[in-house]
Structures are given as C-alpha cells and as structure tokens.
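S.K.: just a sequence and a predicted model for now, questions to come.
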Amino acid sequence: MMSEMGKFLSAPEVKIDVVIARDIFAAHETHAGKYSSQYASVCARITLPESVMEKARLNAGDAVEVSTGQDSIVVTARTGDDDVAWMSNSPWVNSLLKTPEGGALPSLKLFSAEIKKTRESITPLDSLFAG
Amino acid sequence: MTICTGCSCLCDDAVVAHRDGTIYGLKNVCYKGGGVFRAASSEQRLKPTVDGKPVEFEAALKAAAKLLASAEHPLVYGLDVCTDSAQDAAIGLAEKLGAALDDPSSLCQGGLVQQILEGNLPTCTLDEVRDNADVLLYWGTDAMNAQPRHFSRYTFYPRGENRQHGYSTDRSLLVVDVRNTDTAKIANRFYRVKPGGDAGVLDAIGPAVDGRATQCDLSSKDLVDLARRLKKAEYPVLFCGLGLIYSLGGKLEKLVELSHSMDAKGVKLRFLPVGCNYNMRGFNEKLHERLGMVNSVDFGGGASANALQMVMEDRVDAALIVGSDPLSSWPGDAAKKLSSIPLVTLDAMVTPTSKKSGVTLPAAISGVESGGTATRIDGVSVTLDPPFEKNRPWPDDCETLEKMKGMV
C-alpha cells in the first residue's frame, strides 16, 4: 500500500557532498577505450551511503540526477559501504565542476550537489560537451 | 618481461603472451594496466582525419602543421603518456611555435615534484622504500585503485634488504583519508579526516610528536597514535595523493614545514607522489632542468599560467593535444571552452577531445607498440620493451612530432 502511494509523491531532493576518487574499473576502461558501454557503466555512476539512498528513496541501479544548480547529469546510483558519497573521476563528474578565476587549483576532488531520483536516461558521453 | 605503462609505477615484470598480434595471456599486470594492453586490439583506435573526414596520415600531418603554424599563440598540452624522446620533440615544437606548453601535472602532482626536485622535500626511490621503509603513510590516495601494484611490487608486501619480514612484522601501513577506501581497509591504522581537514592535521603532527596534542580534525587519541608511530619509525615515507594536494589547494609549504619539524625531532620523513600518468615525472624533470619550472611555460613570452587558465582567459587560439583527453578531465566550463578553439589531437585512441578536433593523428601505444625511455615517479629511468613494436599500426608520437616540427 505504501509503495503504491509512493508512486504519486515526487522524489525528494537530498543535498550531499561528493568526493571524486580513483577507481580501478574506471581506470581500466579509460585505457581500453571511452566509447564503450562498460566505460559508461563504471563511470556514469554515484556511490551513496545507505542512509542517503533511503532518504532519496533510491534503489541500487536507479537513475539519479546529480545537480550543482548550474549543471546536472543523470547517472546510476549504487549503495556503498561508507558514509561518504563518491564518484569515479570521469567526464561525467568533471562536467559539473567549475574553473576558479586567477589560475588557482580547481577543486577536482570535492563538490556539493543535490540528488534526486529520475526517470531520465543516463547522460550520453558526447552530450556532456554540447553547447 | 615488458614494462607496463598503465601508471607511473612502470612495473618491469609484466609478461605478455601473444600470437599473431593477439594477446592470450597477461601475467604480473594489474587490472588498470591490463587496459593498456587491451587497447592495442580495440576498435576505438584513432584514425587520421581532417574535419571529420578520413584522410591519409601524411595529409592529416600537413593539415595539423598548417593549423598550428597559422595560429597566433597555440597551446601544446598533454605528453604524460609519451616517451622521453616524444616529450623532447614536443618541447622543441612548442619552442619553435612560440607556444604555451603544459601537461596535466599542473592540475595534480607537479607542485610536489617541483618541491622534490628543488630539494625542499627529502625523497627516495621505490626500491629504497622496498628495502628500508618501516612506516608507510598514504595520505589522500587510494593506491589500491590508483596504482594497484604499489603495495605488492614496492612498498607494503614485499620483503626488502633490511625488511626481511615484509608486511607481516616489518612494516606498518597508515592511511589518512576522507573515505574508508580499499587502501584504508587493509591498513594497520586508518585516520579519517573531514574534507579540507588535512592542513590542520599536518600542523598538529609536529607538536604531537613532542607530546602536545593540539586541536585538529583527528581525535587526540588518533593524533597521538599517528605522531607516536612516526616518531618511532626508522624509515618513514609519506605517499602524497591528490586528495592531500587538492585539500591543501596546491600550497605545499605545509609539507615542507612538516618535513623541517620532523627533521628537528630526528625523524627523516621522505616524500613521494602517488597517482600519475606513466611519464609525468619525465616531463617535469626535462622542463625543470631547462627552465627551472616543471610545467606551465610560455615560449610566446607571456606570463606563465597553467593550460586551464590559458584557455579560460582566451590566451591561446589553437591547441595540439598529445596523448591526453582534457575534455574528459578538465572542469566542464574549461572543457567546453577548449572545444571551441581549433584542435589537433595526436593519440592512440578515440576520445571526447579527438572527436572535437579538426585534425586527428593516430599514434602507436607507447610501451605496447613503440619503445623508448621513461622516468618512473621516483625519478628512476626505465627503458620500455614493447611486445608489439613490429606490427604497430601507426608511427610513434616522437616520429610524428619531429616531422611536425620540421613542417611548421
């Protein structure tokens, strides 16, 4: 009954900090070629603490919109075993970052975002560079 | 044995079993390195193109030379996955073009390498780590994912000349990180800091060694434990990851201060970077020897700035990208801006950057299809031994860059 009712409620937005990290599976696919479904599957994803998954009403494998306010992407959500959200270093996550003025080192390891369950498809690689 | 060019460990014990150009077995290669060998038979190999249309290699080379020669102030960028000779050729080309020249180290470990090359931070080789190190402090790096054989080949697990028991009793692995990473999970001690808390912990270590616990992001108990382990160490090594570098905002004086502070207490702490492309250090050393800078030079006479800044401030009007994919690795606004200027890409693989390039030039995969020398992350020179040199499909980077230099 509850899950039936849930269908009519909009998915909650949850504010989180996301760490950008290295991942061996993403590194393998980066070397082997970026235009493959394997590359997208290991790079276009976010690993979330169980508490955040629950709060955002997400199940593993759901599509989730990650938004910084100015830019957003759609990636797959999965549950991690830590209480820190993270994404693998990839064009998906880097497309959300901004260059600081004056030549300072950009923050390529951490950013704040809002996440929300979505029915949209995973953002295709080439569309990250459109416009 | 083959040298793996998957990362700056440059592991020299890879065994590649192949027949008729097809790999049927890899030994002593991590999953990350395996991707480099898999690339050789990939369908995503780059082809010569001009304006998206397939052309002969020589035609693409001519178009590339013309595009770069007609630019007022081009950028030459990348080069960390190229051999020493290709880097030399690119530096010569940039000089001839009056171009800006930079590599990805300006956004990661370049500052640390500069401090090491200038003698501000004591260092050692990975072989010396294997033979002597008893305390391994990994800070802001998940080496299990970034440089997967770091532990088994050089630092934690192996027995060394003066560490005959290896990890079982002779070494301890300490990790400082914001996440409970795969590396933290195998550590003897994991000290968790909050994002941005690293500088405070660095400041607090010195006083803690003297028995004074000051306020920082670690609990007093953890801080005292970390300081005690460092104080007791005979040969401690601090492996600095990108998490630490970014947390410090690239301001590495904190590391120099820590080094001095520990030195005054009789603890010689050595520093090594972790997590770089296979020949980043080679590029840094070449430029440093010549110009006193490890990256971000402008042969056009302008003020030095990193490539990101050059692009964002409209200071370059074309770019040659060699073995790199800045569209994937730069912040979104800079990637979009870079894709709006004329680009030439010289690479082995199709990438988002090559797709936005007016001219693409394919290259052999260095270390797999072409040889040369490279500099390991600890400064040791290594000679590559490519298994597929005889059947390489395209010229190597060096050959192409030398030809281009002759044409501009």
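M.R.: Now that the structure is in, tell me what you want to look at.

S.K.: please make it C-alpha for all contacts and neighbour counts, starting now.
M.R.: Noted.

S.K.: what about the one residue in chain A that gets nearest to chain B, how many neighbours?
M.R.: Distance from chain B to each residue of chain A (CA to the nearest CA) is smallest for residue A:95, at 3.7 Å. Around residue A:95 there are 23 other residues, counting by other CA atoms under 10 Å in any protein chain shown.

S.K.: longest single helix anywhere in chain A?
M.R.: helix A:24-32 (DSSP state H).

S.K.: just the CA atoms of that one, as PDB, please.
M.R.: Extracted in PDB, the C-alpha atoms of helix A:24-32 (Å, rounded to 0.1, in the frame of the first residue of the first chain):
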ATOM      1  CA  ILE A  24      40.400   0.600 -10.900                       C
ATOM      2  CA  PHE A  25      37.500  -0.400 -13.100                       C
ATOM      3  CA  ALA A  26      37.100   3.100 -14.500                       C
ATOM      4  CA  ALA A  27      40.900   3.300 -15.000                       C
ATOM      5  CA  HIS A  28      40.900   0.000 -17.000                       C
ATOM      6  CA  GLU A  29      38.100   1.200 -19.300                       C
ATOM      7  CA  THR A  30      39.800   4.600 -19.700                       C
ATOM      8  CA  HIS A  31      42.800   2.900 -21.100                       C
ATOM      9  CA  ALA A  32      40.900   0.400 -23.200                       C
END
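
S.K.: helix or strand next in line after it, which one?
M.R.: Downstream of helix A:24-32, the next assigned helix or strand under DSSP states H and E is helix A:37-43.

S.K.: got the phi/psi numbers for residue B:407?
M.R.: phi -100, psi -20 (degrees, to the nearest 10).

S.K.: then residue B:265?
M.R.: phi -100, psi 10.

S.K.: what distance do you get for it to chain A?
M.R.: Computed as CA to the nearest CA, to the nearest Å, the residue B:265 to chain A distance reads 32 Å.

S.K.: just give the nearest non-adjacent residue to residue B:85, would you?
M.R.: residue B:398 (6.0 Å; CA to CA, 6 or more residues apart in numbering or on different chains).

S.K.: residues near that neighbour, how many?
M.R.: Applying other CA under 10 Å, I find that residue B:398 has 21 neighbouring residues.

S.K.: would you check how far apart it and residue B:404 are?
M.R.: 10 Å (CA to CA, to the nearest Å).

S.K.: what sits opposite the most centrally placed residue in chain A in the beta ladder?
M.R.: Central residue of chain A (CA atoms, centre = their mean): residue A:46, 4.1 Å from the mean position. For residue A:46, the beta-bridge assignment (DSSP bridges) gives partners residue A:77, residue A:87.

S.K.: so it sits against residue A:80, correct?
M.R.: No: look at residue A:46 against residue A:80 with CA atoms under 8 Å: they stay out of range, at 9.1 Å.

S.K.: just list the residues touching residue A:115, thanks.
M.R.: Neighbouring residues of residue A:115 by CA atoms under 8 Å, 6 or more residues apart in numbering or on different chains: A:13, A:14, A:15, A:16, A:56, A:64, A:65, A:66, A:67.

S.K.: can you tell me which of these is nearest residue B:178?
M.R.: Nearest to residue B:178 among those: residue A:16, at 14.5 Å, using CA to CA.

S.K.: mind checking the SS state of that closest one?
M.R.: strand (DSSP: H, G, I helix; E, B strand; the rest coil).

S.K.: pLDDT value on it, please?
M.R.: Looking at residue A:16, its pLDDT is 97.

S.K.: and residue 9, what pLDDT?
M.R.: Defaulting to chain A. On the pLDDT scale, residue A:9 is placed at 66.

S.K.: you looked at the wrong chain, it should be chain B
M.R.: Note on residue B:9: pLDDT of 96.

S.K.: test my guess that it contacts residue B:376.
M.R.: Yes: taking contacts as CA under 8 Å, residue B:9 lies within contact range of residue B:376: 6.2 Å.

S.K.: list residues touching both of those two?
M.R.: Shared contacts of residue B:9 and residue B:376, defined by CA under 8 Å, 6+ apart, comprise residue B:278.

S.K.: show me the contacts for the residue of chain A closest to chain B.
M.R.: Residue A:95 touches A:71, A:128, A:129, B:328, B:330, B:331, B:332, B:333, B:335, counting by CA under 8 Å, 6+ apart.
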